[in-house]
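A.B. asks: Coordinates for the following, if possible.
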Amino acid sequence: MTEAVKEKYPAVSMPDRNLGKVLKGQKALVTGANSGIGKGVALALGQAGAEVMVNYVSHQDAAEEVAQTISGYGSRSSTFHCDVSQEDQVEAMFEQMCKEFGTIDILVNNAGLQRDAAFDEMTLEQWSTVININLTGQFLCARAAIREFKRRGVVKEVSSAAGKIICMSSVHQRIPWAGHVNYAASKGGIMMMMESIAQEVAPHRIRVNGIAPGAIRTPINTSAWNTPEAYESLMTLVPYKRIGEPEDIAQAAVWLASDHSDYITGTTLFVDGGMSLFPGFATGG
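C.D. replies: Numbers count the residues shown, from 1 in each chain. Have a look, this model is predicted:
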């Protein structure tokens, strides 16, 4: 963040929203957890008492730092390198998860990326990379988690559900995004995949939900908020008139992973400051 943006648009000081150790005794895996939203979610789950495996595909040092911070909260944590688009690597990660933590109770399907281009200039590689990581990666991880949830079943002393999956989506599962067709398509796919899985596995007491972030202050979208001009332009899309912080998403994830939301499945929670409210129509269109 540039100094000009820091001065004019300081990061919101997040209040203490500690929900207590509502996830104590639970084992969680967060993909893409070495930075941004994934990091925020992994830290919040650890603060809430969960033991957390921190997945990463690059920047191992950053992933290790996240795990060390979680350990400082008194929750066990470790890291695992895995490209979620690769079936063999995902299977190895879940095998290690069960070996090291005994089982899995919470999966946060967060890993994702962008490869932006005008549609008629978009390469097959750009399309495939985004779909493979953002959508197929969530399929592979959700499948592995559900196999373990069904094998183990409900352990009432731990949670009312046999397992919880949170699929990280985007407001662009609803809002079209020119120049980002591959990304928007992947997020629309995540929504329908999440709802279909939720419908299928609900009888097994497995809950599957989504979170759709709006504009969040993360490394993936730095150019959208790191100058005063960019920030002011971004705020024309956000009725609440502030950018979101990773902690905004993290607290929603803790709630969705806890028994406080036990009767919720197949739902997407939009955490977007009103971005999905079509703010361009606020003055009559």
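A.B. asks: What lies in contact with the helix or strand where Glu247 lies?
C.D. replies: Applying DSSP states H and E as the criterion places Glu247 in helix 246-257. Applying Cβ atoms under 8 Å, 6 or more residues apart in numbering, the contact partners of helix 246-257 are 14, 17, 19, 22-23, 26, 28, 36-37, 39-41, 43-45, 48, 50, 106, 108, 164, 166, 168, 209, 211, 213, 216-218, 261, 264, 269, 271. Bear in mind the C-beta positions are built from the backbone N, C-alpha and C, glycine included.
A.B. asks: chain center to it: distance?
C.D. replies: 9 Å (Cα atoms, centre = their mean, to the nearest Å).
A.B. asks: And the contacts of the following helix or strand past it?
C.D. replies: Proceeding N to C from helix 246-257, the next assigned helix or strand is strand 268-271, under DSSP H and E. Strand 268-271 is contacted from outside by 169, 171, 173, 191, 194, 209-214, 244, 248-249, 252, 256, 276, using Cβ under 8 Å, 6+ apart.
A.B. asks: Apply 10 Å and report the result again.
C.D. replies: Strand 268-271 has contacts (Cβ atoms under 10 Å, 6 or more residues apart in numbering) with 37, 166-167, 169-171, 173-174, 190-191, 194-195, 209-214, 216, 244, 248-253, 255-256, 261, 276-277.
A.B. asks: For that strand, give the mean pLDDT please.
C.D. replies: With pLDDT averaged residue by residue, strand 268-271 scores 98.
A.B. asks: what residue ranges in the chain score low on pLDDT?
C.D. replies: Low-confidence segments of the chain, defined by pLDDT under 70: 1-19, 285.
A.B. asks: Separate out the buried members of the contacts of strand 268-271.
C.D. replies: Buried subset of the contacts of strand 268-271 (neighbour count, 16 or more other Cβ atoms under 10 Å): 37, 166-167, 169-171, 173-174, 190-191, 194-195, 209-214, 216, 244, 248-253, 255-256, 261, 276.
A.B. asks: what ranges do the helices span in this protein?
C.D. replies: Counting by DSSP state H, one finds helices in the chain at the ranges 3-8, 36-47, 60-72, 87-101, 124-130, 137-152, 181-201, 228-235, 246-257.
A.B. asks: Quick check: which of these is buried the most?
C.D. replies: With neighbours taken as mean count of other Cβ atoms under 10 Å, the helices of the chain reach their highest mean count in helix 36-47, at a mean of 27.
A.B. asks: Dump that one to PDB, restricted to CA.
C.D. replies: What follows is helix 36-47, C-alpha atoms only, in PDB (Å, rounded to 0.1, in the frame of the first residue of the first chain):
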ATOM      1  CA  GLY A  36      -4.400 -13.100   1.600                       C
ATOM      2  CA  ILE A  37      -7.800 -14.500   2.400                       C
ATOM      3  CA  GLY A  38      -6.400 -18.000   3.000                       C
ATOM      4  CA  LYS A  39      -3.900 -16.800   5.500                       C
ATOM      5  CA  GLY A  40      -6.600 -14.800   7.300                       C
ATOM      6  CA  VAL A  41      -8.900 -17.800   7.500                       C
ATOM      7  CA  ALA A  42      -6.200 -20.200   8.600                       C
ATOM      8  CA  LEU A  43      -5.200 -17.800  11.500                       C
ATOM      9  CA  ALA A  44      -8.800 -17.300  12.500                       C
ATOM     10  CA  LEU A  45      -9.500 -21.000  12.600                       C
ATOM     11  CA  GLY A  46      -6.400 -21.500  14.800                       C
ATOM     12  CA  GLN A  47      -7.500 -18.700  17.100                       C
END
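A.B. asks: Counting by contacts, list what that helix packs against.
C.D. replies: Judged by 3 or more Cβ pairs under 10 Å, 6 or more residues apart in numbering; DSSP states H and E, the packing partners of helix 36-47 are strand 27-30, strand 51-56, helix 60-72, strand 77-81, strand 106-109, strand 163-168, strand 206-213, helix 246-257.
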